[in-house]
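# Structure of the sequence below:
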Amino acid sequence: MEVTLDIPDSVAKALGYPPELLTRRALESLLIDECSRGHLSRGKIAEILGLSFHETEDLLKQRGLPYPIKSRDDDLRENAALKKPV
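Predicted structure coming up:
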């Protein structure tokens, strides 16, 4: 699918990215936003952008989406959902 995004010249100039990098940054931003909403996995982002696991983690960390750290409450909730042996 191809999507066309019109960016005013003044905005593009203010951002200072060359056109090919601006396209990449827009795609990265969309993917990271959808990941933060739970619609895309980190692995899918890596696949779409052609990045390694570590490159993807670095990108997400730079953009303020570090790997989620589970709390004790998360563990308790997940454990409670497991089927108990009979």
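
# So what's the residue count around Gly64?
Using other Cβ atoms under 10 Å, Gly64 has 8 neighbouring residues. Bear in mind the C-beta positions are built from the backbone N, C-alpha and C, glycine included.

# swap that for Ile48, sorry
Neighbours around Ile48, by other Cβ under 10 Å: 14.

# Let me know whether it touches Leu30 as I believe.
No: contact criterion Cβ atoms under 8 Å: Ile48 and Leu30 do not qualify, at 9.9 Å.

# In the protein, which helix is the longest?
Counting by DSSP state H, the longest helix found in the chain is helix 19-36.

# Could you list which residues are in contact with the residue most central in space within the chain?
The residue lying closest to the centre of the chain (Cα atoms, centre = their mean) is Ile32, at 2.4 Å. Neighbouring residues of Ile32 by Cβ atoms under 8 Å, 6 or more residues apart in numbering: Ile45, Leu59, Leu60, Arg63, Leu65.

# ditto for Leu5
Counting by Cβ under 8 Å, 6+ apart, Leu5 has contacts Ala26.

# Quick check: pLDDT value at it.
On the pLDDT scale, Leu5 is placed at 86.
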